[in-house]
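A.B. asks: need coordinates for the following:
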Amino acid sequence: MRDGADLRAGEARLAGESARAAREVGDDATAEVLDQAHADEIGHVRFAWRWLETLAPDADPWDTYRAHVEFPLGPARARGRDLDVEARRAAGISDDFIARLDSSATEASRFRDFTRESEETAIGEVEGRPSWPRQPRLRAAATA
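C.D. replies: Numbering: from 1, shown residues only. Okay, the predicted model is just below:
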């Protein structure tokens, strides 16, 4: 799963938060544009959720998601710092999936910014697998 198919709703959350911030400072025009972006992002997540249900109708959606999501995507990134339950419900995601996503809070709270290094370290520690190499491949290739 790549791009919007990671069920993260992160852009929806950010657009919603930004719309509220714009309203707080009296910028209603910007808030309206961000509200539209928020609704659009929820639609993208809804699309990914429907495909997940369509392609694996008899499987547990959480297990299917976990089995097929590719790094750097995953529950911590999908959840974000603040779980926007209403945006996910608006996208049609089940309450069970949302609850499981919420339970990944300890994984998500281990780091604030989703940098490659912090995410790789946290995911490696949580899932009991080694962290990815700390040196980016491009840096290693440039010195060769």
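A.B. asks: number of nearby residues for the nearest residue to residue 50 once chain neighbours are set aside?
C.D. replies: Spatial nearest neighbour of residue 50, excluding adjacent residues (CB to CB, 6 or more residues apart in numbering): residue 92 at 7.1 Å. In this view, the C-beta of every residue, glycine as well, is placed from N, C-alpha and C. As a burial measure, residue 92 scores 13 neighbours (other CB atoms under 10 Å).
A.B. asks: just the one 3 residues further on next, same as before
C.D. replies: Neighbour count for residue 95, taken as other CB under 10 Å: 10.
A.B. asks: likewise residue 93?
C.D. replies: By the criterion of other CB under 10 Å, residue 93 has 22 neighbours.
A.B. asks: wait, it sits on residue 45?
C.D. replies: Yes: counting by CB atoms under 8 Å, residue 45 is a contact partner of residue 93 at 7.2 Å.
A.B. asks: where along this protein do the helices fall?
C.D. replies: Taking DSSP state H as the test, the helices found in the chain are 10-24, 28-55, 61-68, 75-79, 85-90, 95-103, 105-108, 116-127, 137-143.
A.B. asks: pull out the buried positions in the fifth one.
C.D. replies: Yep, that's helix 85-90 we're talking about. Under the neighbour-count criterion of 16 or more other CB atoms under 10 Å, helix 85-90 has 87-88, 90 buried.
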